[in-house]
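>>> Below are the sequence and a predicted model for it; my questions follow.
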Amino acid sequence: MIRHAEERTLVMFGASAAPVCGVRDFSTRLGAALEDRGVRIVYVWSEIEPTWGRADRTHAVAKWLERLAAVVKTECPAWIVWHYSVFTYGHRGLPTQVPRVASRLSHFGVPLIGFLHEFAYPFGR
């Protein structure tokens, strides 16, 4: 059964590592444009402190994924839009959290759209 746009819910999923964040700003603008077209947007966003070490990031990601699971269960979204940036999903440029997040997203059975923001890290910088 094809649903009308006004019956659709989309989860906007991502993280920021700074108060000024182009990834978060882009997701907000994209969400606003989709809302103008009748799509309901639910944000599941996390704030990751750039000073956190690997253990703190791992703990924050676990809590964030729990929130996402609760939202997926209650909202039954038609899609999830995953905003990825190496600065928030990694440690020193290595995408250490990506396998865990991607694995969890794949278990929801919800179509996934990925936006890759800064998906490569210039080593030596």
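Right, received. Where do you want to start? Residues are numbered from 1 along each chain as shown.
>>> buried stuff in the lowest-mean-pLDDT helix or strand in the chain?
Scoring the helices and strands of the chain by mean pLDDT, DSSP states H and E places helix 86-89 at the bottom, with a mean of 73. Within helix 86-89, the residues that count as buried by 16 or more other Cβ atoms under 10 Å are V86, F87, T88, Y89. Any C-beta I mention is one placed from the backbone N, CA and C, and that applies to glycine too.
>>> Looking at those, which is nearest A32?
Closest to A32 out of the buried residues of helix 86-89 is T88 (21.6 Å), distances taken as Cβ to Cβ.
>>> any idea how far the least confident helix or strand of the chain is from the chain center?
On the basis of Cα atoms, centre = their mean, to the nearest Å, helix 86-89 sits 11 Å off its chain's mean C-alpha point.
>>> Keeping just the C-alphas, turn that helix into PDB.
Output of helix 86-89 as PDB, limited to C-alpha atoms (Å, rounded to 0.1, in the frame of the first residue of the first chain):
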ATOM      1  CA  VAL A  86      34.000  11.500  10.400                       C
ATOM      2  CA  PHE A  87      34.400  14.100  13.100                       C
ATOM      3  CA  THR A  88      31.600  12.700  15.200                       C
ATOM      4  CA  TYR A  89      31.700   8.900  14.400                       C
END
